[in-house]
Each structure stands twice: as structure tokens, then as C-alpha cells.
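J.: Provided below are the primary sequence and the corresponding predicted coordinates.
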Amino acid sequence: MTCHYVEAGIGKPLVLLHGFTGSSAAWDAIVPHFTQHFRVICLDLPGHGRTPAPSDPARGALPLVAGDIAALLHNLEATPAYLLGYSMGARLALGIALLHPHVVRSLILESGSPGLATEAERAARRAQDEALATRIEQYGIEAFVDEWERLPLWASQRQAPEDMRQRLRAQRLRNTPAELAASLRSMGTGAQPSFWDDLPRLSVPTLAITGALDEKFTAIARDMCARCPMMTHWIIEGAGHATHLERPAEFVQRVIDFIAAHG
């Protein structure tokens, strides 16, 4: 499977992996700041943007998608790359770094996790994701986006500028129910393997970025750092889950500074 991608800029490659309901366009507001320094490659992950979900759900599993992206970066002569992932994209980026470390120069995880630690937790989450996937298919994209935007995870964005929130909503609405449902079933948090026990062997410099208002993922990042000598943690004050949207200037500067220090 090949992911659709767009690229701009010159220099060492910086690969951006978006979150659930996003696409390569999710990074549009900050890409111009990165192209001054890097060859920026933004991917559409399976079930999003212009990359369809595989017809076989098993083929969309995170370890297989990680291998597909590693192969794509080889074909693009974009290895080793600086790899930056947000939320779902951060889980995938971590998987790429663990399973294909030769393609990664350094790793930035924005609001990411290594998955769920126990099979019981994963089974419960798979049931939740299946229920959500079914609702998306039954009620359509607009009803789903309305439900999604009411989640407490996005509470900090309700004070964001109206134009930013409208652009984000329009991007979410460009997804299709069948593709989002397939993404949940194949690469949701419950479907992926746990990487908690693999963190000590992470071999590339890694930065975890979280928003101070996102207490859940800030706690996860602290736990990850306690297990992984290669990882450091930066907390952005006044931001929630999507720090790159809520505090873009600080987010961009922190990424650039980290890459410069570990390039």
C-alpha cells in the first residue's frame, strides 16, 4: 500500500503524520515555517485524505502500515528522516521508529502514546472503536464530526480563533464514513500492539510534546520518558491535545530546536 503525499522545501527530510480525522492538509498552517529548513513530506494515512483504507482490514494494521511508510521513504530517498507524528500519527511514528529504526533520524511525538498496556484494555477499546465505527457508518460524517468535536479532549480548542476551528471542521468533514470506520478498526488504539515494553530499546533521539491542559497525554508522556532513556518531554502551557494548532509558534520552535540539537 502506498500513501498519498505532498512535499515542499529542500534539505533533510521531515515527515509529518497527522491524527485521526486529519490529512496532509492538517499541517498547512505550519508547513511554511518548516520548509525554510527541511524537505517536508506530509502523508495521507490510510482512510484519510487521498489514501484509501485497504480492502482487507488486516492489511491496515499499524505494523504493516509502518512497513509501507518505511518502504515509501526509501523510494523517495528520504531516509533517515526526522519523523513527527500527532496523536494517531504519533502512535504510528513510534511504531516506525521501533520496527524500522534505520529510516528514522530523530522522532517527535505530539500527544502520542505507546498504545494500551494490557489485552483487557485493548479489548475494551476495540469494542468502543467498533461501536463508534458503526455509528459513523449509520449516521454519516456530519453527525460524527458533531459528536467528535464535543469530546472533552477538544475543550481547549473552543477558545481558539473561529477561522481556525472552521478550517479544522471543514477538513474533518472531507472524510468519508466508510474510510474513517475502516481506520478505527485497523489502526485504532485498541487494534495496535502495545509498545510500552519496547520503549527501552528505542534507539533514536525522541521528543514528546504535550499540552499542559491535556492531562491524560501529559501523564502518558511522563511515563514514557521514565522508561525510555532516549526520550525527553516538553510541555506547552495553555494548550490541549493539538499543540501545533493551539500554540503553533512555540510548537514549531521547539521542533526546530530539538532537530538542531540532535540532527
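T.: Arrived safely, thanks for sending. Values in this document were obtained by computation on a predicted structure and should not be read as measured data. Residues are numbered from 1 along each chain as shown.
J.: Tell me which stretches of the stretch 51-200 of the chain form strands.
T.: 81-86, 104-110 (DSSP state E, counting those that start in this stretch).
J.: can you list those in JSON lines and add mean pLDDT and mean neighbour count?
T.: Heads up, the C-betas are built off the backbone N, CA and C, glycines and all. Shown next, in JSON lines, are the strands of the stretch 51-200 of the chain (pLDDT from 0 to 100; neighbours: other CB atoms under 10 Å):
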{"stretch": "strand 81-86", "mean pLDDT": "98", "mean neighbour count": "27"}
{"stretch": "strand 104-110", "mean pLDDT": "98", "mean neighbour count": "26"}
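J.: how about these in CSV, adding distance to R222?
T.: Converted to CSV, the strands of the stretch 51-200 of the chain look like this (distance: least, CB to CB, whole Å):
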stretch, distance to R222
strand 81-86, 19
strand 104-110, 13
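J.: In contact with the most centrally placed residue in the chain, which residues?
T.: Central residue of the chain (CA atoms, centre = their mean): G89, 1.9 Å from the mean position. G89 sits next to L16, L17, H18, G19, G22, L45, G112 when contact means CB atoms under 8 Å, 6 or more residues apart in numbering.
J.: correct me, but T206 touches C228?
T.: Yes: if you go by CB atoms under 8 Å, T206 and C228 touch, sitting 6.8 Å apart.
J.: Pick out whichever of those two has more residues nearby.
T.: Legend: neighbour count by other CB atoms under 10 Å for T206 and C228, higher for T206 (27 against 19).
J.: gap between that one and E137?
T.: 36 Å (CB to CB, to the nearest Å).
J.: What of T189?
T.: Per CB to CB, T189 is found 19 Å from E137.
J.: What of T35?
T.: Here T35 is placed at a distance of 38 Å from E137 (CB to CB).
J.: Ok, V103 next?
T.: According to CB to CB, V103 stands 35 Å off from E137.
J.: buried stuff in stretch 24-40?
T.: 24-27, 30-31, 33-35, 37-40 (16 or more other CB atoms under 10 Å).
J.: Of all pairs in the residues you listed, which one is the farthest apart?
T.: Across the buried residues of stretch 24-40, no pair lies farther apart than A25 and H37, at 20.6 Å, counting by CB to CB.
J.: between T189 and E137, which one's more packed in?
T.: Of the pair T189 and E137, T189 is the one with more neighbours under other CB under 10 Å, namely 21 against 14.
J.: so that one makes contact with A124?
T.: No: using CB under 8 Å as the test, T189 is too far from A124 to be in contact (10.5 Å).
J.: got the buried residues for the lowest-mean-pLDDT helix or strand in the chain?
T.: Scoring the helices and strands of the chain by mean pLDDT, DSSP states H and E places helix 162-173 at the bottom, with a mean of 90. Using 16+ other CB under 10 Å as the burial criterion, the residues of helix 162-173 that qualify are R165, R167, L168, R169, Q171, R172.
J.: Same check on stretch 90-108?
T.: 90-100, 103-108.
J.: And that stretch, end to end?
T.: In stretch 90-108, first residue to last residue: 8 Å (CA to CA, to the nearest Å).
J.: for stretch 227-246, same thing?
T.: This stretch, stretch 227-246, spans 28 Å end to end (CA to CA).
J.: Distance from the chain centre to that stretch, please.
T.: How far stretch 227-246 lies from its chain's middle: 13 Å, per CA atoms, centre = their mean, to the nearest Å.
J.: Report the mean confidence score over that stretch.
T.: Regarding stretch 227-246, the rounded mean pLDDT is 96.
J.: Also stretch 10-28?
T.: 96.
J.: and what of stretch 250-263?
T.: Across stretch 250-263, the average pLDDT comes to 94.
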